[in-house]
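Undergrad: here's my sequence, what's the structure:
(chains A, B, C and D)
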There are 2 protein chains.
Amino acid sequence: MTRTSPSPDTADAESAETRVAVSTVIFSLRRDGDENPRLVLPLVKRTRDPHEGLWALPGGWLDAAENLDEAASRTLAETTGLSASYLEQLYAFGDIGRSPSRVVSIVYWALLRSDEVDAQSAAHAAAGDAPENVDWFTATDLPPLAFDHNAIVDYALWRLRNKVGYSRIAHGLLPDAFTLADLREVNEAILDRKLDPANFRRQVENSNTLIPTESFRTGSHRPARLYRYNQDVELADRGPLGRPRSHESSTT
Amino acid sequence: MTRTSPSPDTADAESAETRVAVSTVIFSLRRDGDENPRLVLPLVKRTRDPHEGLWALPGGWLDAAENLDEAASRTLAETTGLSASYLEQLYAFGDIGRSPSRVVSIVYWALLRSDEVDAQSAAHAAAGDAPENVDWFTATDLPPLAFDHNAIVDYALWRLRNKVGYSRIAHGLLPDAFTLADLREVNEAILDRKLDPANFRRQVENSNTLIPTESFRTGSHRPARLYRYNQDVELADRGPLGRPRSHESSTT
DNA sequence: TTTGCTTCTGGTCGCGATGACATTAAGATC
DNA sequence: GATCTTAATGTCATCGCGACCAGAAGCAAA
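TA: This is a model prediction of the structure:
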């Protein structure tokens, strides 16, 4: 934890300055009681005055020495202990009334691999150092959040659903090796509708983004072939911006 | 002109604070010598030290009392005297090295109707008060710009081209009434390739975004029917964000 | 007036992507 | 071994779209 400035969206009585915060909508996957995967996201309980006690998106003030996406990666690591498999800027929110003081929030959205989240949770449970004030919520069933964070999550969900349609972004939620059924279930969880297994298979095979392995997942009925993600293919076309650099030290 | 703070991206020696600027990539259309429409955008010549003399995107510091899109509308009006037919947030640029001082620029992109731009230019020419330090450039053939503004324009062009594919956004550059050939030429100018007139007609007719009028444009060969834009249809699907409010006074 | 040219407008054809659905393959369980 | 469930393959109709053709309607030159 290297937080060098106070928590974001906090009113600072003596300052009328506009301040810049960076927050992130972090999506991951968790299976419910019926083994159906659901989108989940981590929230942080506020311990200070504006909206104290309410849940809010993870984030922090922008440090003077870090880029925007570095700030997003940093605060993401501070709350989850992990690094994202996908990170993209979502939107800049800066309406006057969204916080008692003037705060412009640069909001990112990210994907975390579900196996990494599970491993991290297990490690915390074993060590008995589960983080305070952080909990995971079902993305489509959130309590009232601090500031305008409910609307922000809604927008992030909309972007995620859109992007799933024309990108192969769902991989970012899965482990290295997975079956086509795994991948289809992720897409179904995001889009909230059933997909035809045969047609889904045809699409992803033609997309050239998956590399079949010689391993199979056994245990129930006919074994399913395991696939890997083709690293040569970008998860999503981001145009001239490309993928964000993952905080290299100082490449002047 | 109600600018209440100094020009953006300007180094302020005594302040190490992060400051927030708002800039806009403003697209419009101008016909060249061969009557082919081309994408053009207004730039402002810098009169202060960082990159003095270079051309830069119109913009300004974020006022304490205005929302982000209001700042974009304001600076757009300050440079062009017009209001945009389409305005959308593009991206927040905040890399450390992009300016001598730390500046986070919230960049918007906008469309201006070509007839309004032409009328404004004619008015300025008649009154002899053409604005200093503002000029229009062909979007695809720009000089070296200040800061990272070349990359920003490239990204805006990429977004515009993408959006043209799945939205009916090209209307934002045209007058109230226009022919299908007008609209097709705009799309051709944006995408930089020829489109089949018959297929283009079929697409736009099926999209239900145009209302045919009983007027025709005559003068050359077979008269072409004039159409109007169907105001009921959003120019582009922006999800839960909707369209930005155009600076209403104070609707608490 | 006739002919030719250009653009507008409507239509056909074939291909590729997609959704709906049938069929076979292969292991698990009883 | 019979049955069940899921994996994987195949078939078919439809839709959207690009390429292309043909008639309509004005202008201009012969």
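
Undergrad: chain center to the strand or helix carrying A:D115: distance?
TA: Using DSSP states H and E, A:D115 sits within helix A:114-127. On the basis of CA atoms, centre = their mean, to the nearest Å, helix A:114-127 sits 16 Å off its chain's mean C-alpha point.

Undergrad: again with stretch A:73-85
TA: Taking the mean of its C-alpha atoms, stretch A:73-85 sits 9 Å from the chain's own mean (CA atoms, centre = their mean).

Undergrad: now stretch A:89-102
TA: Chain-centre distance of stretch A:89-102: 20 Å, with CA atoms, centre = their mean.

Undergrad: start to end distance for it?
TA: 21 Å (CA to CA, to the nearest Å).

Undergrad: report the buried residues of that stretch.
TA: Buried residues in stretch A:89-102, counting neighbours by 16 or more other CB atoms under 10 Å in any protein chain shown, are found at A:89-95, A:98-99, A:102. From N, CA and C alone the C-beta is placed, and that goes for glycine too.

Undergrad: please see if it touches chain B.
TA: Yes - applying CB under 8 Å from any CB of the partner chain, one finds stretch A:89-102 in contact with chain B at A:89, A:91-97, A:102.

Undergrad: dump the residues you listed to CSV, plus pLDDT.
TA: Shown next, in CSV, are the residues of stretch A:89-102 next to chain B (pLDDT from 0 to 100):
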residue, pLDDT
A:Q89, 98
A:Y91, 98
A:A92, 98
A:F93, 98
A:G94, 97
A:D95, 97
A:I96, 95
A:G97, 93
A:R102, 96
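
Undergrad: what's the average pLDDT for the helix or strand A:A21 falls within?
TA: Element membership for A:A21 (DSSP H and E) is strand A:19-31. In this model, strand A:19-31 has an average pLDDT of 97.

Undergrad: what are the pairing partners of that strand, and which direction each?
TA: Strand A:19-31 has the following strand partners under DSSP bridges: strand A:37-45 (antiparallel), strand A:59-61 (antiparallel), strand A:103-111 (parallel).

Undergrad: can I get the CA coordinates of it in CSV?
TA: Provided in CSV are the C-alpha atoms of strand A:19-31 (Å, rounded to 0.1, in the frame of the first residue of the first chain):
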residue,chain,number,x,y,z
ARG,A,19,-8.9,17.8,-8.2
VAL,A,20,-8.3,14.7,-10.3
ALA,A,21,-9.2,11.2,-9.1
VAL,A,22,-8.9,7.9,-10.8
SER,A,23,-11.4,5.1,-10.2
THR,A,24,-11.9,1.7,-11.8
VAL,A,25,-14.8,-0.6,-12.4
ILE,A,26,-13.2,-4.0,-11.9
PHE,A,27,-15.1,-6.9,-13.3
SER,A,28,-14.5,-10.5,-12.4
LEU,A,29,-16.4,-13.8,-12.4
ARG,A,30,-17.8,-15.9,-9.6
ARG,A,31,-19.9,-19.0,-9.7
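
Undergrad: buried residues in it?
TA: Buried, per 16+ other CB under 10 Å, within strand A:19-31: A:19-30.

Undergrad: ok, A:V40 touching A:V25?
TA: No - look at A:V40 against A:V25 with CB atoms under 8 Å: they stay out of range, at 11.5 Å.

Undergrad: doesn't A:D182 fall inside a strand?
TA: No - read with DSSP: H, G, I helix; E, B strand; the rest coil, A:D182 is helix and lies in no strand.

Undergrad: touching, it and A:D176? I think so.
TA: No - contact criterion CB under 8 Å: A:D182 and A:D176 do not qualify, at 11.6 Å.

Undergrad: looking at the two, which is more packed in?
TA: More crowded of A:D182 and A:D176, by other CB atoms under 10 Å in any protein chain shown: A:D182, with 22 against 12.

Undergrad: spit out the contact partners of the nearest residue to the more buried one once chain neighbours are set aside.
TA: Using CB to CB, 6 or more residues apart in numbering or on different chains and skipping the chain neighbours, the partner closest in space to A:D182 is A:L174 (5.9 Å). Contact partners of A:L174, counting by CB atoms under 8 Å, 6 or more residues apart in numbering or on different chains, are A:29, A:113-115, A:182-183, A:186.

Undergrad: dump the residue contacts of A:I26.
TA: A:41-42, A:58, A:76, A:79-80, A:84, A:109-112.

Undergrad: redo those as a markdown table? Include pLDDT, neighbour count and distance to A:V204.
TA: Below are the contacts of A:I26 laid out as a markdown table (pLDDT from 0 to 100; neighbours: other CB atoms under 10 Å in any protein chain shown; distance: CB to CB, whole Å):
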| residue | pLDDT | neighbour count | distance to A:V204 |
| --- | --- | --- | --- |
| A:L41 | 98 | 22 | 25 |
| A:P42 | 98 | 23 | 29 |
| A:P58 | 98 | 23 | 32 |
| A:L76 | 98 | 24 | 28 |
| A:T79 | 96 | 21 | 32 |
| A:T80 | 96 | 23 | 28 |
| A:A84 | 97 | 26 | 22 |
| A:W109 | 98 | 27 | 23 |
| A:A110 | 98 | 25 | 23 |
| A:L111 | 98 | 22 | 17 |
| A:L112 | 98 | 24 | 22 |
